[in-house]
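Engineer: Need coordinates for the following:
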Amino acid sequence: MEIIKRYRFFLILFVGFIILLAFQQTTAFEAIKITGNSLLSMLMLLPPILIFVGLLDTWVSQETIMKYMGEDSKFLSVFLIFLLGSIAAGPLYVAFPIALLLLEKGVRVQLVVFFLGVWVVAKLPIILYETVALGLLFTIIHISFGLVFFYLLGFYIEKKTAGQLPILENEESLMKHG
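Structural biologist: Just a heads-up that it's a prediction; the model follows:
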């Protein structure tokens with residue numbers, strides 16, 4: 001029963017797909033094609049990111065991270081997080097392993113939320129595309145509001161979750177909380 005409860009969302013989607021297959025075969029086969037392409041795209045992006053996260057975990061000590069992005073960090077930490085998020089490439093799901101590593105290394109929750117926000121709003125390719133397609137004024141307004149929003153959201157989440165986030169020291173604790 002625990003397995004059914006744990007995978008209920010997948011089971012609901014699977015039953016829905018079977019119903020779709022019974023009544024709309026072409027739509028069902030298109031759904032399989034789109035799902036397959038999405039999975040291939042994800043499998044092409046995640047291994048390099050996971051290698052990067054592993055190297056970052058090995059090469060950058062927790063003391064260094066804490067010095068620049070820990071509880072006592074100031075403006076430099078915001079700048080470094082902005083830089084890390086803005087030079088990134090790939091969809092948002094690629095940022096989550098990096099965000100988890102940052103949390104494990106002791107980076108403030110506010111900065112991790114801000115990192116995810118920068119990844120969404122202010123990646124260099126997005127800035128260039130928006131400037132060309134929508135104009136410089138729109139880009140400045142969009143990025144400014146987005147950055148302020150995610151910075152304040154990070155502050156709010158950090159205050160609301162103070163002392164409540166589990167310390168993910170190994171895979172066993174990750175599996176318990178994930």
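Engineer: how far away is K67 from Y151?
Structural biologist: Using C-beta to C-beta, to the nearest Å, K67 is found at 21 Å from Y151. For every residue, glycine as well, the C-beta is placed using N, CA and C.
Engineer: quick one: which of the two has more around it?
Structural biologist: Each of K67 and Y151 has its neighbours counted (other C-beta atoms under 10 Å); Y151 has more, 19 against 13.
Engineer: For that one, list the residues it contacts.
Structural biologist: Contact partners of Y151, counting by C-beta atoms under 8 Å, 6 or more residues apart in numbering, are V78, Q110, F114, G117.
Engineer: ok, 10 Å please
Structural biologist: Applying C-beta atoms under 10 Å, 6 or more residues apart in numbering to Y151 gives the contacts V78, I81, F82, Q110, L111, V113, F114, G117, V118.
Engineer: max-length helix in this structure?
Structural biologist: Ranked by residue count and defined by DSSP state H, the top helix of the chain is helix 25-59.
Engineer: ok, back up a step: now for the contacts of Y151, which sits with the most neighbours around it?
Structural biologist: Of all the contacts of Y151, the highest neighbour tally under other C-beta under 10 Å goes to I81, namely 28 neighbours.
Engineer: That residue sits in which helix or strand?
Structural biologist: Element membership for I81 (DSSP states H and E) is helix 75-86.
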